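>>> any chance you could fold what I've pasted below:
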Amino acid sequence: MAKQRRTYSPEFKAQVVMEVLSGFKSGAEVCREYGIRSQLLSKWKAQFLENAVSVFEEQSQEPAEDKARIAELERLAGRQALEIEVLKKASSILRSHRSESEK
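I've put the predicted structure just below:
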């Protein structure tokens, strides 16, 4: 029977790597504690350090589909604001006609 692979959450991987990088524990201690191989820890550490630069990148770099979605939502909000104004005006006109007819 084949051995089932274990999967680890991104949070767990980050916690393990941070323990090593902070100097709190050595790589060997972490591997023993969590039952992982040193090659796996090295891989996680390399991925962590490789992607560390993205933390400091400009946050305004949104994918094109996000920008399109934002534009669509802004257009929809503008349209709804216009509809609300029209309905308010129509409501006030109807109220004034009703009050005139009741006199």
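>>> and residue 8, helix, strand or coil?
coil (DSSP: H, G, I helix; E, B strand; the rest coil).
>>> pLDDT score for it?
The score at residue 8 is 93. That number is its pLDDT.
>>> and it, how many neighbours does it have?
Neighbour count of residue 8, defined by other Cβ atoms under 10 Å: 13. Backbone N, C-alpha and C define where each C-beta goes, glycine included.
>>> ok, now residue 30?
So residue 30, with other Cβ under 10 Å, has 18 neighbours.
>>> host element of it?
helix 27-34 (DSSP states H and E).
>>> who touches that helix?
16, 19-20, 25, 36-38, 41-42 (Cβ atoms under 8 Å, 6 or more residues apart in numbering).
>>> of these, buried ones?
Among the contacts of helix 27-34, those classed as buried by 16 or more other Cβ atoms under 10 Å are 16, 19-20, 36, 41.
>>> narrow these to those in helices?
Among the buried ones among the contacts of helix 27-34, the ones falling in helices (DSSP state H) are 16, 19-20, 41.
>>> what's the most distant pair in the residues you listed?
19 and 41 (10.0 Å; Cβ to Cβ).
>>> so how far is residue 21 from residue 40?
16 Å (Cβ to Cβ, to the nearest Å).
>>> returning to what we had before: and which of the contacts of helix 27-34 is nearest residue 101?
Closest to residue 101, out of all of the contacts of helix 27-34 and judged by Cβ to Cβ, is residue 16, at 77.2 Å.
>>> can you tell me the closest non-neighbouring residue to the closest one?
Leaving aside its chain neighbours, residue 16 sits nearest to residue 30 (5.7 Å; criterion: Cβ to Cβ, 6 or more residues apart in numbering).
>>> now do residue 13
residue 44 is the one closest to residue 13 (Cβ to Cβ, 6+ apart), at 4.9 Å.
>>> make a markdown table out of the buried ones among the contacts of helix 27-34 and add distance to residue 77.
Listed next are the buried ones among the contacts of helix 27-34 as a markdown table, based on distance: Cβ to Cβ, whole Å:
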| residue | distance to residue 77 |
| --- | --- |
| 16 | 44 |
| 19 | 46 |
| 20 | 48 |
| 36 | 49 |
| 41 | 48 |
